[in-house]
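Chemist: Got a sequence here, can you model it:
(chains A and B)
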Number of protein chains: 2
Amino acid sequence: MKGFEDTEFAARTERAQRLMSEHGLSALLLTTEPEVRYFTGYLTRFWESPTRPWFLIVPASGRPIAVIPSIGAALMGQTWIDDIRTWSSPDLSDDGINLLADTLREVTQPGSRIGLPDGHETHIRMPLADLYRLKQLADDRVFAGDAGILRRLRMVKSESEIAKIEAACTIAGRAFARVPEIAGAGVTVASVFRHFQMLCLEEGADWVPYLAGGAEQGGYADVISPARDTAIAPGDVLMLDTGLVWDGYFCDYDRNWSIGPATADVKSAYATLIEATDAAFEVARAGARACDLYQAMNSVLSRQSGDTGAGRLGHGLGMSLTEWPSLIPGDETVLEAGMVLTLEPGIAVGDKILVHEENIVITEDAPRFISPKSGTELNEI
Amino acid sequence: MKGFEDTEFAARTERAQRLMSEHGLSALLLTTEPEVRYFTGYLTRFWESPTRPWFLIVPASGRPIAVIPSIGAALMGQTWIDDIRTWSSPDLSDDGINLLADTLREVTQPGSRIGLPDGHETHIRMPLADLYRLKQLADDRVFAGDAGILRRLRMVKSESEIAKIEAACTIAGRAFARVPEIAGAGVTVASVFRHFQMLCLEEGADWVPYLAGGAEQGGYADVISPARDTAIAPGDVLMLDTGLVWDGYFCDYDRNWSIGPATADVKSAYATLIEATDAAFEVARAGARACDLYQAMNSVLSRQSGDTGAGRLGHGLGMSLTEWPSLIPGDETVLEAGMVLTLEPGIAVGDKILVHEENIVITEDAPRFISPKSGTELNEI
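Modeler: As a prediction, this is how the structure comes out:
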């Protein structure tokens, strides 16, 4: 099923309001795509346009209130939101700020605290000058952080959300399985990128917001490069890492192929990556911490390799390609059933790197792979 | 040619530094994808991940300085930037803020002003709490706006930039021409969206960040909706609006098709849209203002229709799907040769709307269509 029942949005809102009450917040003010969508179901690719700000207010009780450009009124009107206030945007003299301030005044008392997400992995999607102006217009209210409420809510997925992420993973799995149709020695990386995106769409992706990868001798220099017009050669390791979307939810995992037979070093490094993935999977239980998964992988990887520069060995995913938590030594987030994570060990092989990535879901019991788990042997094309 | 010569980035940087000097700014601090790419050429889809902040400092003289997560070091090292400072991100205790503050201190004097883009169509892509922390760490510097410098620079494109936008337009034109292969009565809108993205890729798009549209009887409810699983029916008007990317530059235009014969009202409305486009094209000369193009279109449209809610009748485009200026009554931006604009008139037909969009470039003389100009008759499938 596409979309969600309204009850899901009501439950999310109630959970937020309970936490707001605990933290003394009279409202949340949200400005980014996943934040607005989380409470409304408002799904559009129009966020690609950076021109217009969009605002959602979660009041202390009742449904969220949308304060948005008129161009979004029809689509927002199809969601469960019933209080939609619009202005004709863009407006160079006042792009919704007075309307927003008036609405905040209406739903909060003077002296009350309004929470804006301000922590790690967040930003405020509105012009900075307008944020300052808003603070002046509503200076009888205090603008505070959101006390991590959005992080806490979004990090634990509902069954419906997990089903959508799993659908995205399944689609990507079918596309990855067809890579030998489009890749091989003599084909440019750019061609592979282009055709792989077509495969993702053909297999059912709504769109393909993310694709990175590379193909160089015995590995690649990084995992974030765009396509290049260089031809793939025997001895290259081709890697494709995709975040495709199905009904607003991402998968995020990669696959590697050796072009012709791999060297012993590459084979061994790849086997180590799978071993590291398995080690993290073993400890990925509710109650374990994000850093425990990091340590499980790192204890395998550090037998063979130094730092790849990636900065972490996995992360959350869902409405965004990457989300909290991070699999790093310093992230002590306790895992809960419903969290969806990538396990993404990387290893240096000479002056190149290899990275492997799978997606798992944390349950009350053993975790579950939602990407089709790779075997220990590197595939060959 | 993909990419740019280093001289292009040097010229952009020098222009910025001249304007910074005029406005008393000792450095610019940039945080978003197009801002960082504008001065570096750093092209990656990794910005899809909201986790890590990225910083670029444009000092008063010399090349920009990148302060970025280590995962980006290899790719940034391939650009003309030679001062690349990295930290292992994500770091929950200090995600680059001390490194950034130290670097800003190194390249500016106490009491000097550092410009952050803060105006319309901008935002700061870093956690708000980190921005406040940065201000405290560097409180012997003043954080000010960027005096519109990024807007002014990016709004006027170089010949190389225009060539890339034109390449994107040409690719989209080939894909639009093939829509009759994939659309027709009985086909779902979702299927058309999926296959249209495949056509864009097949015709040469690097990726397809934006696609919106719809198909309803005699028009559509809005222009920003995602795909739906409803089947197209005779009497529908199918609209597809795409922003595909070639080498980091967007096109942004739409096409409409009548499924079977169109009604007289729809035909007439469509002809009016083309007439409005032509009216704006006639006045789109260097020296004219953005609002003049709005008025030229609106004087045609208002004969027949009220407000569609879109908020404007066109806009700039380039590294982003939409950019300054806006074709609205209140935008008095004076057009200059090198600006690339969409002309995007919309019209109400009963309770539906129709929108037409073309892309043009402003020159020293007559403007030029870079999307393949539509005829006055609505195409039929």
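
Chemist: going forward, measure contacts between C-alpha atoms and count neighbours the same way
Modeler: OK.

Chemist: I'd guessed A:G41 sits against A:G77; true?
Modeler: No: with contacts counted by C-alpha atoms under 8 Å, A:G41 stays clear of A:G77, the gap being 10.9 Å.

Chemist: And the two? Which one has more around it.
Modeler: Neighbour tally, A:G41 and A:G77, criterion other C-alpha atoms under 10 Å in any protein chain shown: the higher count belongs to A:G41, 22 against 14.

Chemist: If you drop the residues flanking it in sequence, what lies closest to the more buried one?
Modeler: Across the structure, with C-alpha to C-alpha, 6 or more residues apart in numbering or on different chains as the measure, the residue nearest A:G41 apart from its sequence neighbours is A:T79 (6.4 Å).

Chemist: Quickly note the distance from the one you found to chain B.
Modeler: Per C-alpha to the nearest C-alpha, to the nearest Å, A:T79 is found 12 Å from chain B.

Chemist: what do you get for A:E358?
Modeler: From A:E358 across to chain B, the span is 17 Å (C-alpha to the nearest C-alpha).

Chemist: Now do the contacts for that residue.
Modeler: If you count contacts by C-alpha atoms under 8 Å, 6 or more residues apart in numbering or on different chains, A:E358 has them with A:252-254, A:277, A:342-344, A:369-373.

Chemist: let's see it at 6 Å
Modeler: Residues near A:E358 by C-alpha atoms under 6 Å, 6 or more residues apart in numbering or on different chains: A:253, A:342-343, A:371.

Chemist: Which helix or which strand is home to A:D140?
Modeler: Secondary structure assignment for A:D140, by DSSP states H and E: no helix or strand.

Chemist: With only the CA atoms kept, save stretch A:293-303 in PDB.
Modeler: Below are the C-alpha coordinates for stretch A:293-303, written out as PDB (Å, rounded to 0.1, in the frame of the first residue of the first chain):
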ATOM      1  CA  LEU A 293      28.200  -2.400  16.100                       C
ATOM      2  CA  TYR A 294      31.100  -0.100  15.200                       C
ATOM      3  CA  GLN A 295      33.400  -2.000  17.500                       C
ATOM      4  CA  ALA A 296      32.200  -5.400  16.200                       C
ATOM      5  CA  MET A 297      33.100  -4.400  12.600                       C
ATOM      6  CA  ASN A 298      36.200  -2.500  13.500                       C
ATOM      7  CA  SER A 299      37.700  -5.500  15.400                       C
ATOM      8  CA  VAL A 300      37.500  -7.500  12.200                       C
ATOM      9  CA  LEU A 301      38.600  -4.700   9.900                       C
ATOM     10  CA  SER A 302      41.600  -3.500  12.000                       C
ATOM     11  CA  ARG A 303      43.300  -6.800  11.500                       C
END
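
Chemist: quick one: pLDDT of A:D139?
Modeler: On pLDDT, A:D139 comes in at 84.

Chemist: Can you give me the domain assignment for chain A?
Modeler: As recorded under automatic domain parsing, the domains making up chain A are A:6-155, A:159-380.

Chemist: Tell me the residues of the stretch 101-250 of chain A that contact chain B?
Modeler: Contact residues (C-alpha under 6 Å from any C-alpha of the partner chain) of the stretch 101-250 of chain A with chain B: A:118-119, A:121-123, A:125-129, A:194, A:198, A:201, A:224-226.

Chemist: Nearest to A:P209 among those residues?
Modeler: When these are compared for distance to A:P209 (C-alpha to C-alpha), A:L201 comes out closest, at 11.3 Å.

Chemist: Could I get the phi/psi values of the closest one?
Modeler: Its backbone dihedrals place A:L201 at phi -70, psi -40, with angles given as degrees, to the nearest 10.

Chemist: list the contacts for A:L378?
Modeler: If a contact means C-alpha under 6 Å, 6+ apart, then A:L378 has no contacts.

Chemist: distance of it from A:Y210?
Modeler: Separation of A:L378 from A:Y210 (C-alpha to C-alpha, to the nearest Å) stands at 23 Å.

Chemist: sec struct for A:S305, please.
Modeler: For A:S305, the secondary-structure state derived from DSSP: H, G, I helix; E, B strand; the rest coil is coil.

Chemist: what about it, how many residues close to it?
Modeler: The tally of other residues near A:S305 (other C-alpha under 10 Å) stands at 16.

Chemist: any idea of the pLDDT on it?
Modeler: According to the prediction, A:S305 has pLDDT 76.

Chemist: re earlier: so of the domains of chain A, which one's packed in deepest?
Modeler: Here the criterion is mean neighbour count by mean count of other C-alpha atoms under 10 Å in any protein chain shown, and of the domains of chain A the winner is domain A:159-380, at a mean of 21.

Chemist: just how off-centre is that one within its chain?
Modeler: 14 Å (C-alpha atoms, centre = their mean, to the nearest Å).

Chemist: Quick one: end-to-end length of it, please.
Modeler: Taking C-alpha to C-alpha, domain A:159-380 runs 36 Å from one end to the other.

Chemist: what's A:L30 sitting at in phi/psi?
Modeler: When quoted as degrees, to the nearest 10, the phi and psi of A:L30 stand at phi -120, psi 140.

Chemist: Which strand or helix spans the residue nearest to it when sequence neighbours are not counted?
Modeler: In space, and not counting its chain neighbours, A:L30 is closest to A:L56: 5.1 Å by C-alpha to C-alpha, 6+ apart. With the criterion set as DSSP H and E, the secondary-structure element containing A:L56 is strand A:55-59.

Chemist: go on, A:A168?
Modeler: Secondary structure assigned from DSSP H and E places A:A168 in helix A:159-177.

Chemist: now do A:A296
Modeler: Element membership for A:A296 (DSSP H and E) is helix A:290-301.

Chemist: Report the contact partners of the residue of chain A most remote from its centre.
Modeler: Checked against the mean C-alpha position of chain A, the extreme residue using C-alpha atoms, centre = their mean is A:P110, at a distance of 36.1 Å. Applying C-alpha under 6 Å, 6+ apart to A:P110 gives the contacts A:140-141.

Chemist: If we use 10 Å, what do you get?
Modeler: With contact set as C-alpha atoms under 10 Å, 6 or more residues apart in numbering or on different chains, A:P110 has these partners: A:138-142.

Chemist: and what of A:V192?
Modeler: By C-alpha under 10 Å, 6+ apart, the residues touching A:V192 are A:179-184, A:198, A:214, A:227-229, A:231-232, A:238, A:240.

Chemist: From those, which land in helices?
Modeler: Counted as lying in helices by DSSP state H, out of those, are A:M198.

Chemist: out of the contacts of A:V192, which one sits closest to chain B?
Modeler: The shortest approach to chain B among those belongs to A:M198, at 5.1 Å (C-alpha to the nearest C-alpha).

Chemist: Quick check: the closest one touching B:E203?
Modeler: No: look at A:M198 against B:E203 with C-alpha atoms under 10 Å: they stay out of range, at 11.2 Å.

Chemist: Can you check which residues contact both of these two?
Modeler: Applying C-alpha under 10 Å, 6+ apart, one finds that A:M198 and B:E203 are jointly contacted by B:Q197.

Chemist: what about the stretch 1-150 of chain A, any weak spots by pLDDT?
Modeler: Across the stretch 1-150 of chain A, no stretch falls below the confidence threshold (pLDDT under 70).

Chemist: how about the strands in it?
Modeler: A:27-30, A:55-59, A:65-69, A:83-87, A:113-116, A:142-145 (DSSP state E, counting those that start in this stretch).
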